[in-house]
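Visitor: Could you work out the structure for the sequence below:
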Amino acid sequence: MSAPEPRRVLVVDDDRTFRLSTAELLRQDGLDVDEAADAAAAVEAIAARSYDAMLLDLRMAGLDGLRLVEVLRARGEDIPILMISGFGTVEVAVESLHLGADDFLTKPIDPDVLSARVTELLERRPSPERLAQGAVPGMVGHSAPMRRVFEAVRQVAPTDAVVLITGDTGTGKELVARALHALSLRAGGPFVPVNCAALAEGVLESELFGHVRGAFTGAHADRKGLFAAADRGTLLLDEVGDMSLRLQQRLLRVLQEGEVTPVGAERPVRVDVRVVVATNRDLREEVRGGRFREDLFYRLNVFPVAIPPLRDRPGDVPLLVEAALARLRARLPDRQSLSCSPYALRLLRTYPWPGNVRELFAVVESSAIRAGAGRIEAHHLPPEVRRKDAGSDEERYRRASSVDDERTRIRAALDEAEGVRARAALLLGMSRTTLWRKIREHGLEPGPQQ
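Guide: Numbers count the residues shown, from 1 in each chain. From the prediction side, this is the model:
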């Protein structure tokens with residue numbers, strides 16, 4: 001297999017010495033680097049080639065860096081941008097972020113810091129090779145926890161072993177089960193999912209095992225169950241931890257004997273089914289509490305696969321956002337230019353995602369509706385996501401801008417927060433009480449309450 005192409009970076013700076021030395025440094029990191037001496041040359045380069053990141057000088061003759069960012073974003077260019085300036089202030093940093101820059105550094109720049117920031121910037125735009133790296137059908141991720149999940153899926157898929165998939169709600173347990181089926185020798189057979197928590201005990205029993213005519217009121221004809229429907233394929237028992245003890249006993253017999261007895265029937269029926277189970281419960285704890293059969297647990301725990309919550313793999317967020325946008329573009333012909341701004345993507349990366357991947361996809365869709373056919377900006381995101389902009393990046397800019405006095409920094413934070421003091425306090429890294437006191441001390445007009 002051929003090696004993936006190096007990531008491509010554009011360095012835009014009218015300082016020839018800085019431009020050449022920076023380009024050489026990035027080439028030593030294995031990157032494909034182009035140079036531009038001004039905004040016009042940068043626009044021409046971007047029109048001719050696709051770039052994974054851009055380093056952009058703030059002050060240049062003609063169109064300066066801030067205006068170039070504004071122009072590029074207005075045209076729908078979503079290339080990640082690292083703004084560089086010899087005149088760094090918190091106001092400039094905040095303005096560059098507001099216009100769509102992705103990061104900000106002040107000259108002189110330590111080479112190691114620059115390399116680290118560029119690497120971080122590239123993480124926000126996954127290459128096609130990284131999108132496919134180690135992935136399994138229907139799943140997205142390149143983080144170490146997800147690579148372990150992918151490896152486990154590839155190992156166990158060709159076997160008929162029972163797989164126990166665990167993970168919080170919304171992490172994608174059914175996707176893992178579908179990937180197991182797609183990579184198995186049963187891929188040509190049916191994949192049948194059933195949510196054990198969604199059905200009452202009697203209904204679930206009939207659905208799983210089937211019934212014969214007259215087995216109960218309303219049973220007017222024989223009915224094949226889901227075990228029989230999944231013959232020569234895969235049956236996913238989702239939320240198996242919610243199954244009653246009586247049905248657990250019946251499931252155990254199926255796993256031991258390879259046959260099911262429909263409700264009301266006298267003779268069992270042979271089935272050839274690969275069983276995959278999933279749960280968001282701790283089944284060991286359920287066993288200790290007497291709510292889950294110990295013998296069934298050991299039958300199910302043949303090959304456990306644990307899916308990490310999204311908060312433990314924030315590096316996968318850009319991949320998932322792009323996957324969500326791709327799904328929307330496929331569904332909506334008039335939204336082919338849908339993208340996500342670097343600033344909005346930063347907020348999505350730092351949000352803890354209690355609802356995991358399912359919540360992320362819902363947030364991207366709702367934000368895309370607000371954005372129309374354009375780009376998702378920070379103000380299109382739900383309030384709970386925007387509130388997470390407590391800002392390791394903004395705090396870094398604040399520390400770097402030691403030439404600014406406290407009053408200037410507070411005024412800039414209030415402007416960025418549109419007068420909302422709670423948000424300004426987060427940007428400044430101080431409590432709201434402290435901020436209110438300092439607003440009075442400095443004679444600043446207080447913003448609206450929140």
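
Visitor: Okay, domains of this protein per the record?
Guide: Under automatic domain parsing, the residue ranges defining each domain of the chain are 8-125, 144-307.

Visitor: Tell me which of those domains sits nearest to Arg440.
Guide: For those, distance to Arg440 was read as CB to CB. The smallest value, 20.9 Å, belongs to domain 8-125. Heads up, the C-betas are built off the backbone N, CA and C, glycines and all.

Visitor: For the stretch 101-250 of the chain, which segments count as helices?
Guide: In order along the chain, the stretch 101-250 of the chain carries the following helices (DSSP state H, counting those that start in this stretch): 111-123, 128-132, 144-156, 173-182, 201-209, 226-229, 245-257.

Visitor: before we move on, the earlier item: would you turn the domains of the chain into CSV with distance to Leu332, mean neighbour count and mean pLDDT?
Guide: As requested, the domains of the chain are arranged in CSV below (distance: least, CB to CB, whole Å; neighbours: other CB atoms under 10 Å; pLDDT from 0 to 100):
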stretch, distance to Leu332, mean neighbour count, mean pLDDT
domain 8-125, 16, 19, 83
domain 144-307, 22, 18, 91
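
Visitor: May I have the secondary structure class of Asp34?
Guide: Asp34 carries the three-state label strand when classified by DSSP: H, G, I helix; E, B strand; the rest coil.

Visitor: What residues does it make contact with?
Guide: Applying CB atoms under 8 Å, 6 or more residues apart in numbering to Asp34 gives the contacts 8-11, 45, 49, 51.

Visitor: Give me the subset of those lying in helices.
Guide: Residues of the contacts of Asp34 located in helices (DSSP state H): Ala45.

Visitor: Narrow the contacts of Asp34 to those in strands?
Guide: Using DSSP state E, 8-11 are the members of these that sit in strands.

Visitor: host element of Ser366?
Guide: helix 356-371 (DSSP states H and E).

Visitor: Can you name the two of the contacts of Asp34 that sit furthest apart?
Guide: Val11 and Arg49 (13.3 Å).

Visitor: hang on, the earlier thing: can you list the ones in strands among the contacts of Asp34 in a markdown table and add distance to Gly30?
Guide: Output for the ones in strands among the contacts of Asp34, formatted as a markdown table (distance: CB to CB, whole Å):
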| residue | distance to Gly30 |
| --- | --- |
| Arg8 | 11 |
| Val9 | 11 |
| Leu10 | 16 |
| Val11 | 15 |
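
Visitor: Counting neighbours, what do you get for Val363?
Guide: Neighbourhood size, Val363 [other CB atoms under 10 Å]: 22.

Visitor: quick one: pLDDT of it?
Guide: In the prediction, the pLDDT value recorded for Val363 is 96.

Visitor: how close does it sit to Leu199?
Guide: Per CB to CB, to the nearest Å, Val363 is found 30 Å from Leu199.

Visitor: Show me the contact partners of stretch 78-85.
Guide: In this structure, residues lying in contact with stretch 78-85 by CB under 8 Å, 6+ apart are 10, 13, 46, 51-59, 65-66, 69, 72, 92-93, 96, 100-107, 109, 117-118, 121-122, 124-125, 339-342, 375.

Visitor: typo on my end, it should be stretch 347-363
Guide: Taking CB under 8 Å, 6+ apart as the criterion, the residues outside stretch 347-363 that touch it are 124, 168-172, 309-311, 314, 317-318, 320-321, 324, 327, 340, 378, 381-382, 384-386, 388-390, 392.

Visitor: who touches Val192 in this structure?
Guide: The contact partners of Val192, taken as CB under 8 Å, 6+ apart, are 226, 229-230, 233-236.

Visitor: Max pairwise distance over those residues: which two?
Guide: Of all pairs drawn from these, the one with the longest distance (CB to CB) is Ala229 and Leu236, at 12.2 Å.

Visitor: Assign the spatially most central residue of the chain to helix, strand or coil.
Guide: For the chain, the residue sitting closest to the mean C-alpha position, by CA atoms, centre = their mean, is Val317 at 2.7 Å. Val317 falls in the helix class when you classify it by three-state DSSP.

Visitor: My guess is it contacts Leu345. True?
Guide: Yes: look at Val317 against Leu345 with CB atoms under 8 Å: they come within range, at 7.5 Å.

Visitor: tell me the phi and psi of Gly258?
Guide: Dihedral angles phi and psi of Gly258 (degrees, to the nearest 10) take the values phi 70, psi 30.

Visitor: Make sure it is actually in contact with Val269.
Guide: No: under the criterion of CB under 8 Å, Gly258 makes no contact with Val269, lying 10.2 Å away.

Visitor: Which secondary structure element is home to Val276?
Guide: Using DSSP H and E, Val276 maps to strand 274-279.

Visitor: Name every strand pairing with that strand and say which way it goes.
Guide: strand 163-166 (parallel), strand 234-238 (parallel) (DSSP bridges).

Visitor: To Ala413, which of those strands lies closest?
Guide: Closest to Ala413 of those, according to CB to CB: strand 163-166, at 42.5 Å.

Visitor: circling back: relative to Arg284, which of the strands paired with strand 274-279 is closest?
Guide: Put simply, out of those the one that sits nearest Arg284 is strand 163-166, at 10.3 Å, with distance taken as CB to CB.

Visitor: So what touches the closest one?
Guide: Residues outside strand 163-166 that contact it (CB under 8 Å, 6+ apart): 156, 173, 176-177, 180, 276-280, 283, 300-307.

Visitor: Convert the C-alpha atoms of that strand to CSV, please.
Guide: As requested, the backbone C-alpha atoms of strand 163-166 are provided in CSV (Å, rounded to 0.1, in the frame of the first residue of the first chain):
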residue,chain,number,x,y,z
VAL,A,163,-19.8,-10.4,21.7
LEU,A,164,-20.8,-8.2,24.6
ILE,A,165,-20.7,-4.5,23.6
THR,A,166,-20.8,-2.0,26.5
